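Enquirer: turn this into a model:
(2 chains)
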Protein chains: 2
Amino acid sequence: MHIRAEVITVGTEILLGEILNTNTRYLSKRCAEKGIDVYHHVTVGDNHDRLRECLIAARTRADLILVTGGIGPTPDDITREAVADVWGQKLILDPDLLHRMECFYAHRSLNMTANNKRQALIPRGAVPLKNERGTAPGFFLHDQMGSVACLPGPPDEMEPMFSESLIPLLKKYAMLPSTQLFTRDIRTAGIGESALASEIDSLLRNQSDPTLATYAGEGMVRVRLATRARTPSEAQEKFAPVTRRVEEILGSHVYGYDDDSLSGAVGEILRSRELTLAVAESCTGGLLGEMITQTPGASDYFKGGIICYANAVKMGSLGVEEDLLLRHGAVSEPVAAAMAEGVMRALDASVSVAVTGVAGPGGGSDEKPVGMVALAFGGPWGVVTQRRVFSGSRQNIRRISAISALVRLRELILNKC
Amino acid sequence: MHIRAEVITVGTEILLGEILNTNTRYLSKRCAEKGIDVYHHVTVGDNHDRLRECLIAARTRADLILVTGGIGPTPDDITREAVADVWGQKLILDPDLLHRMECFYAHRSLNMTANNKRQALIPRGAVPLKNERGTAPGFFLHDQMGSVACLPGPPDEMEPMFSESLIPLLKKYAMLPSTQLFTRDIRTAGIGESALASEIDSLLRNQSDPTLATYAGEGMVRVRLATRARTPSEAQEKFAPVTRRVEEILGSHVYGYDDDSLSGAVGEILRSRELTLAVAESCTGGLLGEMITQTPGASDYFKGGIICYANAVKMGSLGVEEDLLLRHGAVSEPVAAAMAEGVMRALDASVSVAVTGVAGPGGGSDEKPVGMVALAFGGPWGVVTQRRVFSGSRQNIRRISAISALVRLRELILNKC
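Expert: Residues are numbered from 1 along each chain as shown, chains lettered A, B, ... in the order given. Have a look, this model is predicted:
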């Protein structure tokens, strides 16, 4: 079965470029997963006639029209009128919707205005779609003229309405293909995209279901497996042998799957080996600590850190010798090593990471250009240092420095602890 | 003069939801600034017939069509053929473009393939648009059939081509309105959107050129002035008296303009008063330090900080008494105060900020729910503490804690130093 869909966004603020149209991407992605083919995206302003024309054009070329926006309480919310007009149906007051809205307002001690009441109007024959997170209900109209679902504009209301209310309805009306797209991401670090692609070259060439593709991100590369299947478990069965094959080839470069974070993966390794971590940050200014503490429960292994932006703090809190700073400069491997040793001692941690670098845009020299970063890692292996040169904006350099530090720390613990 | 525009995006990857359509927003925003009205956005896949239909529909309703994507070297890049087809023009090889491309490839010691050569084809009568950052040239076709500009898909190639090549051409062909939209943001902190709106109520009601509007962001509110003017200096002249009026009413809540950051504004105040700052972070884990060091030159006033995620670090590095931790718990105003005092002493700074809280999702209690944060500020005023309760995700709570800390620090310095 082949369902052609079109996504229509209603809102003058999108045409003015005031906000980014993320709803369309969400709906497109979800449709692709469900096996529904999206052939057109259209955005139109809060204008009855123009929306009407877009709906008429969409109906001639799509089996399913997904509309977001324009179903709020104000007079410029014109979606329900335009749909009723094009489908030749009257708007009727849905008593259930009205009751739900009355409860919503009463519960919050808010006054319900005549405008709010408009939101309980839906075209005759439409099925209302409940809004658990706001007042504007959606609706799904499915008759011989065509199928259209109207969803709210705010993503936090639209997304659950799509998943929880519309998808089951589409299933009921036999508008979902029997197979859908499933993906699994295998997340790797410490290997570049082209090196990774050569390693798994024969899989990339010969493996057809699931398909494989590589995607490079900030400091990491994902191998994405994709397949069509009737159920999640059928997809998992197809993924399992290919995942194992990729893991065998890439070994410890694989740090996680799907939404796993690198800092969370490092945390798991620290936790399982009962190690504690401390960080000493100069150019990253706290970013590395911030990344590590994004993971709930990081207190099991993260003791804390010292942000030693000033040299006085490098000396006073970390015990870096003034002589070392004078001889090598603050951005140098010997100073990074002293920072890593100092913070491990000061915070009584079993492993440590130190970062010092030239984040720019000023402060670079021929010998130490903007983007040069010295990293040091303290632990049972002693102290290991590394000199890297990154490019990009100040913020890029800081981010990639912190990520690289996590990648190298993970390798050291896996190989030496 | 009134120019109606339509933005068409070409690319199956957009219809699949694989990438977010940021080009359309960029072009819409720039058109709004230039006084061009965008009435429709359309996205279509890499399919000749469907793009052809979209171009025909767009030509009936728009004076100017902006197309992005589909002008690369591969066979699925179909934009130039579709435009030539709809405009009834042949594709011809532009010798200048070919020469430029040959130089581009030679300079990089790359082989130029027959596919690459296709990129030097443009419809007869079109003006080529140079691509300074890639190989795919764009073109602008302007005749009695209509006006269409074809731009590359990658934003870093599309944006400069639009600004540097297309805008001057539109001017030349008298397709730019004589006035354009200018905006100025007045950035405020420490006052909520509704309180701010009441303060400037009479301006919001009566001021019509420039217009005023308020926008709430994370921990801050912007007052946006907007006007149409022929030149930037004409706009500035219109903005000046209204800006002064807003500043008079809002006083020290105003911390900056346009792209100014709050942490940069706090930095400027520290620098001008010759104060130095240190931070003690528990739940934010380094985020506050990271925000402060986003500003280049922060080393003039930022000494550093201590990330005291573990209680042992609160005691060992900051001198927080164990008794205080036992009596009040780590998330409490007395502990925050001791952290602020400790870090000021340890890092020899003249002012300090301490943050300790329950970022969640676990760890909350009735007395100290998830989102509860204790802040403390050390300085010439002694130590001031504050208890706040924020809501949202772990990351939201951490971000708003750090921002709130900067807002309060700024107020304290302005009022007490």
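
Enquirer: count the residues that sit near A:Asn23.
Expert: A:Asn23: 25 surrounding residues under other Cβ atoms under 10 Å in any protein chain shown. For every residue, glycine as well, the C-beta is placed using N, CA and C.

Enquirer: run a quick check on it versus A:Val67, I expect a contact.
Expert: No. Taking Cβ atoms under 8 Å as the definition, A:Asn23 is not a contact partner of A:Val67, at 10.1 Å.

Enquirer: what is in contact with those two at once?
Expert: Common neighbours of A:Asn23 and A:Val67, counting by Cβ atoms under 8 Å, 6 or more residues apart in numbering or on different chains, are A:Val7, A:Thr9, A:Leu151.

Enquirer: partner strands of the helix or strand hosting the first one, with direction?
Expert: Taking DSSP states H and E as the criterion, A:Val7 maps to strand A:4-10. Take DSSP bridges as the rule and strand A:4-10 pairs in its sheet with strand A:37-44 (parallel), strand A:64-68 (parallel).

Enquirer: what lies in contact with the shortest one?
Expert: Translated: strand A:64-68. With Cβ under 8 Å, 6+ apart as the contact definition, strand A:64-68 has outside contacts at A:3-10, A:23-24, A:27, A:31, A:36, A:55, A:58-59, A:79, A:83, A:146-153, A:158, A:170, A:175.

Enquirer: immediately after that strand, which helix or strand?
Expert: Using DSSP H and E, the next helix or strand after strand A:64-68 towards the C-terminus is helix A:79-87.

Enquirer: now check that next one, is it near chain B?
Expert: No. Helix A:79-87 stays clear of chain B (Cβ under 8 Å from any Cβ of the partner chain), getting no nearer than 14.9 Å.

Enquirer: by contact count, what packs against the top helix by length along chain A?
Expert: Longest helix of chain A, by residue count under DSSP state H: helix A:394-416. Counting by 3 or more Cβ pairs under 8 Å, 6 or more residues apart in numbering or on different chains; DSSP states H and E, the packing neighbours recorded for helix A:394-416 are strand A:180-189, helix A:262-272, helix A:287-292, strand A:351-357, strand A:372-379, strand A:382-389.

Enquirer: could you list the buried residues of stretch A:162-174?
Expert: A:Phe162, A:Ser165, A:Leu166, A:Leu169, A:Leu170 (16 or more other Cβ atoms under 10 Å in any protein chain shown).

Enquirer: what do you get for stretch A:181-200?
Expert: Neighbour-count burial for stretch A:181-200, with 16+ other Cβ under 10 Å as criterion, is recorded at A:181-191, A:196-197, A:199-200.

Enquirer: nearest to chain B, of those residues?
Expert: A:Leu181 (9.5 Å; Cβ to the nearest Cβ).

Enquirer: for the stretch 201-350 of chain A, what spans make up the strands?
Expert: For the stretch 201-350 of chain A, the strands defined by DSSP state E, counting those that start in this stretch cover A:211-217, A:220-229, A:254-257, A:277-281, A:302-307.

Enquirer: any idea which of the ones you listed gets closest to chain B?
Expert: strand A:302-307 (4.0 Å).

Enquirer: touching chain B at all, that closest one?
Expert: Yes. Contact of strand A:302-307 with chain B is found when judged by Cβ under 8 Å from any Cβ, involving A:Phe302, A:Lys303, A:Gly304, A:Gly305, A:Ile306, A:Ile307.

Enquirer: direction included, what does that strand pair up with?
Expert: strand A:277-281 (parallel), strand B:302-307 (antiparallel).

Enquirer: and A:Ile292, what is it in contact with?
Expert: Here A:Ile292 is in contact with A:Ser263, A:Val266, A:Gly267, A:Leu277, A:Val279, A:Ala298, A:Phe302, A:Leu406, B:Gly285 (criterion: Cβ under 8 Å, 6+ apart).

Enquirer: turn the residues you listed into CSV, including distance to A:Ala376.
Expert: Shown next, in CSV, are those (distance: Cβ to Cβ, whole Å):
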residue, distance to A:Ala376
A:Ser263, 18
A:Val266, 16
A:Gly267, 20
A:Leu277, 14
A:Val279, 11
A:Ala298, 21
A:Phe302, 18
A:Leu406, 14
B:Gly285, 20
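
Enquirer: show me the helices in the stretch 101-250 of chain A, by range?
Expert: A:114-118, A:155-160, A:167-172, A:193-199, A:201-206, A:232-250 (DSSP state H, counting those that start in this stretch).

Enquirer: buried set for the fifth one?
Expert: Read it as helix A:201-206. A:Leu203, A:Leu204.

Enquirer: could you do stretch A:82-99 as well?
Expert: For stretch A:82-99, burial by neighbour count (16+ other Cβ under 10 Å) applies to A:Ala82, A:Val83, A:Ala84, A:Asp85, A:Val86, A:Trp87, A:Gln89, A:Leu91, A:Asp94, A:Leu97, A:Leu98.

Enquirer: determine how far the last residue of it lies from the first.
Expert: 24 Å (Cα to Cα, to the nearest Å).

Enquirer: does the host helix or strand of A:Arg25 reach chain B?
Expert: Take DSSP H and E as the rule and A:Arg25 turns out to sit in helix A:22-34. Yes. Using Cβ under 8 Å from any Cβ, helix A:22-34 reaches chain B at A:Thr22, A:Thr24, A:Arg25, A:Tyr26, A:Leu27, A:Ser28, A:Lys29, A:Arg30, A:Cys31, A:Ala32.

Enquirer: picking up where we left off before, just the CA trace of the strand holding A:Val7, in CSV.
Expert: Output of strand A:4-10 as CSV, limited to C-alpha atoms (Å, rounded to 0.1, in the frame of the first residue of the first chain):
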residue,chain,number,x,y,z
ARG,A,4,1.1,9.9,-0.5
ALA,A,5,1.1,12.7,2.1
GLU,A,6,1.5,16.5,2.1
VAL,A,7,2.4,18.7,5.1
ILE,A,8,0.9,22.1,5.2
THR,A,9,2.1,24.7,7.8
VAL,A,10,-0.1,27.6,8.6
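
Enquirer: averaged pLDDT, it. What do you get?
Expert: Averaging pLDDT along strand A:4-10 gives 98.

Enquirer: okay but A:Thr9 is in contact with A:Ile19, surely?
Expert: No. Using Cβ under 8 Å, A:Thr9 is not in contact with A:Ile19; the gap is 10.3 Å.

Enquirer: how close does the residue nearest the centre of chain A get to A:Arg184?
Expert: A centroid search over chain A (Cα atoms, centre = their mean) returns A:Asp259, at 8.0 Å, as the residue closest to the centre. To A:Arg184, A:Asp259 is 11 Å away according to Cβ to Cβ, to the nearest Å.

Enquirer: if we can go back for a sec, neighbour-wise, which of A:Thr9 and A:Ile19 wins?
Expert: A:Thr9 (23 against 13).

Enquirer: where does chain A have low pLDDT?
Expert: Applying pLDDT under 70 to chain A picks out residues A:1.

Enquirer: what about the closest residue to A:Gln294 other than its chain neighbours, how many residues nearby?
Expert: The shortest distance from A:Gln294 to any non-neighbouring residue, by Cβ to Cβ, 6 or more residues apart in numbering or on different chains, is to A:Ser263 (6.1 Å). A:Ser263: 21 surrounding residues under other Cβ under 10 Å.

Enquirer: also A:Gly138?
Expert: 26.

Enquirer: can you give me the neighbour number for A:Glu411?
Expert: Residues near A:Glu411, counting by other Cβ under 10 Å, number 16.

Enquirer: contacts only, for the nearest residue to A:Leu129 once chain neighbours are set aside.
Expert: Spatial nearest neighbour of A:Leu129, excluding adjacent residues (Cβ to Cβ, 6+ apart): A:Gly138 at 3.6 Å. Shown in contact with A:Gly138 (Cβ under 8 Å, 6+ apart): A:Ile71, A:Pro128, A:Leu129, A:Asn131, A:Ala149, A:Cys150, A:Leu151, A:Pro152, A:Met161, A:Ser165, A:Leu166.
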